[in-house]
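Chemist: prediction below, plus the sequence it came from.
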Amino acid sequence: MSTTGLAGRSVVVTGAASGIGRAAALRFAHEGAKVALADLDAAGAGSTAQEVEEAGGEALTVVGDLSGQQVVDALVEQTVTRYGGLDVLVNNAGIMDRMSALGETDDTEWEQVLRVNLTAPFLLTRAALPHMLAAGRGAVLFTASEAGLRGGAAGAAYTASKHGVVGLVKNLAVMYRGQGIRANAIAPGPTATGIQVDAAAGAHGPALVGGLIGATIGRLGTAEEQAAALVYLASDAASFVNGAVLPVDDGWSAV
């Protein structure tokens, strides 16, 4: 029997088609939660939902770009209609940049990374909050990054986006702690998720960052290890944890 207190609760997980999002969706379902899965990858999200249902869980999927208000509204509406509320929001979906230094970052790279990694979680959290506030409780989680804690773990766009996520977490925690809402994040270190970096050949940023990362990281983590941390932060065991950014990185942030 689950001891997390998540049984019967409704959980939205973005980026649920693969990687950390998929692992988190399966872990929440294992704890007895009802999950709503959001991703641009319809086949991947459907595969995750199928695995949840084959294990006896309940899942719905919403496919689309979460930086668009219509998709955000549809996800929240369908979750609330199907499950009767929205208890936990996991803002996990994200993309990497090209490890570009600021002077190498063009408008397209900057705007795309900020839109997916920061604007989309902002929009979805804003849409979810009224339902959590009405219920008097809610957990809002984010997948931040080591790049939200330091300056040498990614390019300018990704680093800025994840520092923005950290600020959003802390502001949410302060603004809504008196209304039963908790906001926390994990800061993953390098994790085996299949994400590829399309670094420009000969660029300054990738060469510099690659050397810094290679000299300081420990082992490669798993998506399941990241998911376990997300479930903990959503659980009743973390009821007094608010505004935290938890490194899940084999001690990389301590170097």
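Modeler: Here it is on my side, so go on.
Chemist: for G221, give me its contacts.
Modeler: With contacts taken as C-beta atoms under 8 Å, 6 or more residues apart in numbering, G221 has the following neighbours: 188-192, 248-250. (Glycine included, C-beta is placed from N, CA and C.)
Chemist: show me which of those are buried.
Modeler: 188-191, 248-249 (16 or more other C-beta atoms under 10 Å).
Chemist: okay if I get those as CSV plus distance to L230 and pLDDT?
Modeler: Listed next are the buried ones among the contacts of G221 as CSV, based on distance: C-beta to C-beta, whole Å; pLDDT from 0 to 100:
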residue, distance to L230, pLDDT
P188, 10, 97
G189, 15, 94
P190, 17, 91
T191, 12, 94
V248, 9, 98
D249, 14, 96
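Chemist: taking the residues you listed, tell me the two that lie furthest apart.
Modeler: P190 and V248 (10.8 Å; C-beta to C-beta).
Chemist: thought Q179 was touching P130?
Modeler: No. Assessed by C-beta atoms under 8 Å, Q179 is found out of contact with P130, at 11.2 Å.
Chemist: could you tell me which residues touch both of these two?
Modeler: Contacts common to Q179 and P130, judged by C-beta under 8 Å, 6+ apart, are absent.
Chemist: the closest residue to P121 other than its chain neighbours and A173, how far apart?
Modeler: Nearest-residue entry for P121: N91, 3.8 Å, with adjacent residues in sequence omitted and distances by C-beta to C-beta, 6 or more residues apart in numbering. As judged by C-beta to C-beta, to the nearest Å, N91 and A173 stand 14 Å apart.
Chemist: when those two are compared, which one has more neighbours?
Modeler: Between N91 and A173, counted using other C-beta atoms under 10 Å, the more crowded position is N91 (30 against 19).
Chemist: and the gap between that one and G21?
Modeler: With C-beta to C-beta as the criterion, N91 and G21 are 10 Å apart.
Chemist: then A207?
Modeler: Distance, A207 to G21, by C-beta to C-beta: 30 Å.
Chemist: these two: which has the busier surroundings?
Modeler: G21 (29 against 12).
Chemist: my read: the more buried one touches V12, true?
Modeler: No. Look at G21 against V12 with C-beta under 8 Å: they stay out of range, at 10.6 Å.
Chemist: what sits in contact with each of these two?
Modeler: With C-beta under 8 Å, 6+ apart, G21 and V12 have common neighbours V90.
Chemist: let me see the ranges of the strands in the stretch 151-255 of the chain.
Modeler: 181-188, 191-192, 221-222, 245-248 (DSSP state E, counting those that start in this stretch).
Chemist: can I get those in JSON lines including distance to L26?
Modeler: Supplementary listing: these in JSON lines, determined by distance: least, C-beta to C-beta, whole Å:
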{"stretch": "strand 181-188", "distance to L26": "16"}
{"stretch": "strand 191-192", "distance to L26": "16"}
{"stretch": "strand 221-222", "distance to L26": "13"}
{"stretch": "strand 245-248", "distance to L26": "17"}
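Chemist: out of the ones you listed, which gets the lowest mean score?
Modeler: Least confidently modelled of these is strand 191-192, at a mean of 92 by mean pLDDT.
Chemist: list the helices and strands that one packs on?
Modeler: strand 221-222, helix 223-234 (3 or more C-beta pairs under 8 Å, 6 or more residues apart in numbering; DSSP states H and E).
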